[in-house]
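Student: Quick one, what's the 3D model for this:
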Amino acid sequence: MSQPPPPKPSRGDYWRHLFAHWPADLAKSGAVITEHNEPVRFIDFAVSGGLLLLQRDRPDTTGARKVFVSYDAISSLKLDDPGELDRYRALGFQPPVGAAAAG
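Tutor: This is a model prediction of the structure:
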């Protein structure tokens, strides 16, 4: 009797992995865009099992400087880092297979 395949990772699982394995030499600043198209600028963050804690550099319109976001609610991430794409290899990113042959 065969076992059912393991469940596919959710969108939140990918975001959790990315933030949990953030390289120490990469600035922890940018903007998380939520599934409701709300940008949340941050200057630092902390991870937990189900939530990402973002710290703002200034309060939002309600006076809040900290925002808890569910990993499943993250739609995209924008970074302030002007560095080369090679810096992101530590997060698992690599050039497409054909890019090495074309260069």
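
Student: list the buried ones in stretch 2-17?
Tutor: Buried residues in stretch 2-17, counted by 16 or more other C-beta atoms under 10 Å: 15-16. C-beta coordinates here come from the backbone N, C-alpha and C atoms, glycine included.

Student: My error: substitute stretch 32-46 in the last question.
Tutor: 32-33, 40-42, 45.

Student: For residue 67, state which of those residues is nearest.
Tutor: Of all the buried residues of stretch 32-46, residue 67 sits closest to residue 40, with 5.3 Å by C-beta to C-beta.

Student: Just the residues contacting stretch 51-68, thanks.
Tutor: 15-16, 19, 32, 40-47, 69-71, 74 (C-beta atoms under 8 Å, 6 or more residues apart in numbering).

Student: Next, the buried residues of that stretch.
Tutor: 52, 54, 67.

Student: ok but the first one is inside a helix, no?
Tutor: By that I understand residue 52. No: read with DSSP: H, G, I helix; E, B strand; the rest coil, residue 52 is strand and lies in no helix.

Student: hang on, the earlier thing: and of the buried residues of stretch 32-46, the nearest to residue 97?
Tutor: Out of those, the member with the shortest distance to residue 97 (by C-beta to C-beta) is residue 33, at 28.9 Å.

Student: where's the nearest residue to the closest one once chain neighbours are set aside, which helix or strand?
Tutor: In this structure, residue 33 finds its nearest non-sequential neighbour in residue 76, 4.4 Å apart by C-beta to C-beta, 6 or more residues apart in numbering. Counting by DSSP states H and E, the element that carries residue 76 is strand 74-79.
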